[in-house]
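Q: Let's see this in three dimensions:
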Amino acid sequence: MFERYPAASRRVVFFARCEAVHRGVSAISPEDLLLGLTWEEGTRADRIANLKEKALLVRAALGIPHRPMTSIPYGEERNLPLTNESKRVLAYASFEANDDKEFQIDTDHLLRALLRERTSASDAVEKLGVSLSTLRAASRQDRLHHPAEKPPWYWKPPFLVKRSEWATAGLLLILILLIAGGRLWSFMHS
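A: You can find the predicted model right below:
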C-alpha cells in the first residue's frame, strides 16, 4: 500500500500511529496524520508550512494537549487501522501526487490531502492561515529548489497511459494465454 511513499511520508504514518496509541484511540484519524506531520523538521510539508515550529498551535487547534512522546507503550505494538476519513485522506494524497505528475506521495501531498477531507484536522490547518491553493503554489515553488526523486523506470502516471498501450498489453495477454492453453491441450492429449 505504501510503495509510493518515500521514507519521510512513511515516518509520518508511523508518527500518526504513535499519536493514536498515546491517545488510547483504536484507529488512526486525520488528526493523528496531521500530528504526525509535525514531528520532523525539514520535510517538504515542514518547509512549506513550518509545521514543526507550529506543533503546539496545531495541538491547541485540535484540542489535544501536549505530552512528551517517549515510546510506544509496552504491549501496544499492534497495528492500528485507519479510519475511513484517513483512508480518504491517503486517496486524496495519491490524487495530489498524480496531479503533480509525480510517482512519490510526499509529505506536502499528505498535508494538501488533509485539506481536501473536511475534518477537525483541516480546520486546524486553516486556522494556521494555510489554504489548499497556497499550499499547491508553495509546493510548486519548493520543487524548483528541491526536486522530487525520480520515479522507477517502469512507472507512468495513469493519465499518460495511452489506449493503444492498454490494447497492446491486452493482446499480449491473450496471446500468452492462447499459447499456454495450446501447450496444456497438447500435454493433456499426449
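
Q: going forward, measure contacts and count neighbours with C-alpha atoms only.
A: OK.

Q: What lies in contact with the helix or strand hosting Leu33?
A: Leu33 belongs to helix 30-37 when assigned by DSSP states H and E. With CA atoms under 8 Å, 6 or more residues apart in numbering as the test, helix 30-37 has contacts from 11-17, 19-20, 45-46, 51-52, 55, 58-59, 62, 83, 85-86, 89, 107, 111, 114, 119-121.

Q: Are any of those residues buried, and if so which?
A: Neighbour counting with 16 or more other CA atoms under 10 Å marks 11-17, 19-20, 45-46, 51-52, 55, 58-59, 62, 85-86, 89, 107, 111, 114, 120-121 as buried within the contacts of helix 30-37.

Q: Tell me which of those fall in helices.
A: Judged by DSSP state H, helices contain the following of those: 11-17, 19-20, 45-46, 55, 58-59, 62, 85-86, 89, 107, 111, 114, 120-121.

Q: how does this protein divide into domains?
A: Recorded structural domains for the chain (assignment: automatic domain parsing) are 7-145, 161-188.

Q: quick one: terminal-to-terminal distance for the longest one?
A: Right, the one you point to is domain 7-145. Taking CA to CA, to the nearest Å, the first and last residues of domain 7-145 lie 19 Å apart.

Q: starting at the chain centroid, how far to that domain?
A: 9 Å (CA atoms, centre = their mean, to the nearest Å).

Q: and that domain, average pLDDT?
A: Domain 7-145 shows a mean pLDDT of 89 in the predicted model.

Q: Could you report the neighbour count for Val125?
A: Neighbour count of Val125, defined by other CA atoms under 10 Å: 23.

Q: Check whether it really touches Arg116, as I assumed.
A: No: distance between Val125 and Arg116: 11.1 Å, which falls outside the contact criterion (CA atoms under 8 Å).

Q: for the nearest residue to Leu110 once chain neighbours are set aside, helix, strand, or coil?
A: What sits nearest to Leu110 in space, not counting adjacent residues and going by CA to CA, 6 or more residues apart in numbering, is Ala93, at 5.1 Å. Three-state call for Ala93 (DSSP: H, G, I helix; E, B strand; the rest coil): helix.

Q: Test my guess that Ala93 contacts Gln104.
A: No: Ala93 is beyond contact range of Gln104, at 9.9 Å (criterion: CA under 8 Å).

Q: Deepest-packed of the domains of the chain, please.
A: domain 7-145 (a mean of 18; mean count of other CA atoms under 10 Å).

Q: Identify the residues contacting Thr134.
A: Going by CA under 8 Å, 6+ apart, Thr134 touches no other residue.

Q: that's a helix at it, yeah?
A: Yes: residue state for Thr134 (three-state DSSP) corresponds to a helix.

Q: quick one: it and Glu102, what's the gap?
A: According to CA to CA, Thr134 stands 19 Å off from Glu102.

Q: which residues does Pro65 contact?
A: Residues near Pro65 by CA under 8 Å, 6+ apart: Arg59.
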